[in-house]
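In: Just a sequence and a predicted model for now, questions to come.
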Amino acid sequence: MRATCNSALPALDEPLTLPPELSVTTPVRPTACPGLLRIVQALDGGICRIKLDGGVITSTQARSVADVAQRYASAVIEATNRGNLQIRGVGPNHRALIEPLLAAGLGPATAAGDDVRNLMLSPSAGIDPQMQIDTRDLARQILSSVQSVPRLAELSAKFAVQLDGGEALAMLEHPHDLWLSAFDHAGQAFLAFGLAGCPAHNRALGAVPVAQGHELVMAVLTLFLDLARPEHTRMRHLLGEVPVERFIEQLAERLSVPLMALPQWRRNVPATAMHIGTYPQHKSGRVYIGAVPALGRLDAATLVGLAQLADTFASGVVRFTPWQSVLLPDVRLEDAPLVTRQLQALGLFCDVREPLARLIACTGASACAKGLADTKQDARQLATLLSQPHTIHLTGCQRSCAAAHVAPVTLLAVAPGHYDLYLRAPEHAGFGVLRERNLTIEAAGAWLEARQRSNTDD
Ligand code: SF4
């Protein structure tokens, strides 16, 4: 199982007149994934993916997105599982959609940079009371380098880095080609790191002081490119041929500091569902409020409403999370109940007990040619059958576009309205253990309710 793009072929209506720094060159590892400059066709129209630095979008930028989504697309805006957003249903006038987004500062620094600016931070970076470090400065350095160092344009559009600052709100289960995780050692902040895995499930291969974090990332990326063949798009492909010990030995030779060995290091795994509801920030008297749009989809009016709330009650920004949800940071504690009600009035879920708040579903058959079922519609039906919240992933095929991690329960479509049911099991690859075949949504709901009565799955 691997996340891929639910895409067909790239298509631009006509060449855009871009600033010189955005002139397009032929990539070493071509991709059909959508980007801001590469609108890709799906059954419901074009997809324009906007990568957000640290998942953050300003209220002004959000209004620009809402405006072009309404004018030049179907006004459907999706939160992605990497803390980005995408506009669906883009019509033929790509130029009219893209140019205002570039003018709003949502574009990459270089054209090649759009594909490789894949750095995921925790949604509460810089504001989380449990963070070991504020990752945002280091993230800016990394993002600047990956977009401006010409060699790094050879990375695949899927190659991705995670920078975890030790926050309580952190997605630690998404596999990344390189992950870094901050921890304290004798009063000094270090970054543990691993390759082709994630902090929750994989061992750290070493650590460096945070001051050497940028150097480490650049060394890993260039060593990957030195060793990889063009068909190696991901770190796991390279490590299938090159022993990880050899990679680390060569990496160590390129660093200005020795790698610290970390045989015992484990990242403490945070509580689940902290992306939904109100939580304290590092700064006293301030909270963030996490809110979930049903199945990760917003419309233009909802995005404008979020921008308005960000301006009125928060710091003028909205953060997108890897749970396909949003977060309003820097809300005054006393305003939180009112802001929560207003988020709910916009149609967002702020309560973990809402069944639909914890269901995720890929695009499905309504807009993806590979989909065997209308996953989004089926998820809505399933939510009405559940008396308790479950964390469930409905996927239209094995590609698992909606979830880079394995959910406690996965429903894999086998035919319209019919799914195989899997339960997550660490010892099983893929979605886990196959427990039931070819269930209707009603049968899946009944199965989950019966199991809930005798057990708890998550
Ligand atoms: S059916 Fe779903 S998982 Fe499969 S390619 Fe389409 S969007 Fe992705």
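Out: In hand now; what should we look at? Please read all numbers here as calculations on a predicted model, not as lab measurements. Residues are numbered from 1 along each chain as shown.
In: Mind checking what secondary structure the residue in the stretch 51-200 of the chain that the ligand sits nearest to has?
Out: Taking C-beta to the nearest ligand atom, the ligand has its nearest neighbour within the stretch 51-200 of the chain at Glu78, 10.8 Å off. (Each C-beta comes from the backbone N, C-alpha and C, glycine too.) Here Glu78 is recorded as strand under DSSP: H, G, I helix; E, B strand; the rest coil.
In: For it, list the residues it contacts.
Out: Counting by C-beta atoms under 8 Å, 6 or more residues apart in numbering, Glu78 touches Leu85, Gln86, Ile87, Arg88, Gly296, Arg297, Leu298, Gln324.
In: what's the answer for Leu97, then?
Out: Ile39, Cys48, Val68, Arg71, Tyr72, Ala73, Ile87, Val90.
In: Now, the residues you listed that are in strands?
Out: Per DSSP state E, strands hold the following members of the contacts of Leu97: Cys48, Ile87, Val90.
In: Looking at these, which one is closest to Lys376?
Out: The shortest gap between Lys376 and any of these belongs to Ile87, at 16.8 Å (C-beta to C-beta).
In: What's the local residue count around that closest one?
Out: Look at Ile87: counted by other C-beta atoms under 10 Å, it has 29 neighbours.
In: in the sheet, who's paired with it?
Out: Cys48, Ile77 (DSSP bridges).
In: that older thread, show the buried residues in the contacts of Leu97.
Out: Ile39, Cys48, Val68, Tyr72, Ala73, Ile87, Val90 (16 or more other C-beta atoms under 10 Å).
In: returning to what we had before: among the contacts of Glu78, which one sits closest to Arg234?
Out: Using C-beta to C-beta, the contacts of Glu78 come closest to Arg234 at Gln86, 21.3 Å.
In: Which residue is the nearest non-sequential neighbour of the closest one?
Out: Excluding the flanking residues, the one nearest Gln86 by C-beta to C-beta, 6 or more residues apart in numbering is Arg49, at 4.2 Å.
In: if I pick whichever residue of the stretch 351-458 of the chain sits closest to the ligand, what's in contact with it?
Out: Across the stretch 351-458 of the chain, no residue is closer to the ligand than Gly396, which sits at 2.7 Å (C-beta to the nearest ligand atom). By C-beta under 8 Å, 6+ apart, the contact list for Gly396 reads Cys362, Thr363, Gly364, Ala365, Cys368, Lys370, Gly371, Leu372, Ala373, Thr375, Ala413.
In: looking at it, Phe320 is touching Ala79, isn't it?
Out: Yes - if you go by C-beta atoms under 8 Å, Phe320 and Ala79 touch, sitting 5.2 Å apart.
In: any residues in contact with both of the two?
Out: By C-beta under 8 Å, 6+ apart, Phe320 and Ala79 have these common neighbours: Leu85, Val326.
In: Is Ile441 in contact with Gly417, as I believe?
Out: Yes - at 6.2 Å, Ile441 and Gly417 qualify as touching, with contact defined as C-beta under 8 Å.
In: Check the contact lists of the two and give me the overlap.
Out: Asp378.
In: thinking again about what came up before, who's the closest spatial neighbour of the residue of the stretch 351-458 of the chain closest to the ligand, skipping the chain neighbours?
Out: Using C-beta to C-beta, 6+ apart, the closest residue to Gly396 is Gly371 (3.2 Å).
In: got the contact list for the one you found?
Out: Taking C-beta under 8 Å, 6+ apart, one finds Asn6, Cys362, Thr363, Gly364, Ala365, Gly396, Cys397, Ala413 in contact with Gly371.
In: so which helix or strand takes in it?
Out: Assigned by DSSP states H and E, Gly371 falls within no helix or strand.
In: go on, the one 5 residues further on?
Out: When secondary structure is defined by DSSP H and E, Lys376 falls within helix 375-385.
In: Give me the buried positions along that helix.
Out: Buried positions in helix 375-385, judged by neighbour count with 16+ other C-beta under 10 Å: Thr375, Lys376, Gln377, Asp378, Ala379, Arg380, Leu382, Ala383.
In: what packs against that helix?
Out: If contacts are counted by 3 or more C-beta pairs under 8 Å, 6 or more residues apart in numbering; DSSP states H and E, helix 375-385 sits against strand 359-361, strand 392-395, strand 409-415, helix 441-454.
In: Run the angle between it and strand 409-415 for me.
Out: Interaxial angle, helix 375-385 versus strand 409-415 (axes from the mean of the first three to the mean of the last three C-alpha atoms, to 10 degrees): 130 degrees.
In: averaged over its residues, what pLDDT does helix 375-385 have?
Out: Mean per-residue pLDDT for helix 375-385: 97.
In: what sits against the most centrally placed residue in the chain?
Out: In the chain, the residue lying closest to the centroid (C-alpha atoms, centre = their mean) is Arg82, at 1.1 Å. By C-beta under 8 Å, 6+ apart, the contact list for Arg82 reads Asn118, Met120, Ala160, His174, Pro322, Ala404.
In: nearest to Pro209, of those residues?
Out: Of all those, Pro209 sits closest to Met120, with 21.9 Å by C-beta to C-beta.
In: so what's that closest one up against?
Out: Here Met120 is in contact with Gly55, Arg82, Gly83, Ala160, Val161, Gln162, Leu163, Met171, His174, His176, Pro322 (C-beta under 8 Å, 6+ apart).
In: Near the residue lying closest to Pro129 once chain neighbours are set aside, how many other residues are there?
Out: Once flanking residues are discounted, Pro129 sits nearest to His282: 4.9 Å by C-beta to C-beta, 6+ apart. Counted with other C-beta under 10 Å, the neighbours of His282 add up to 14.
In: Using the three-state scheme, assign Arg341.
Out: Arg341 - assigned by three-state DSSP - is helix.
In: For Arg297, give the beta-bridge partners.
Out: Going by DSSP bridges, Arg297 forms beta bridges with Glu78.
In: The stretch 101-250 of the chain: helices as residue ranges?
Out: 111-116, 136-148, 213-227, 235-239, 244-254 (DSSP state H, counting those that start in this stretch).
In: Which strands or helices does the longest one pack on?
Out: This points to helix 213-227. Checked by 3+ C-beta pairs under 8 Å, 6+ apart, helix 213-227 has helix 136-148, strand 176-185, strand 188-197, helix 235-239, helix 244-254 packed alongside it.
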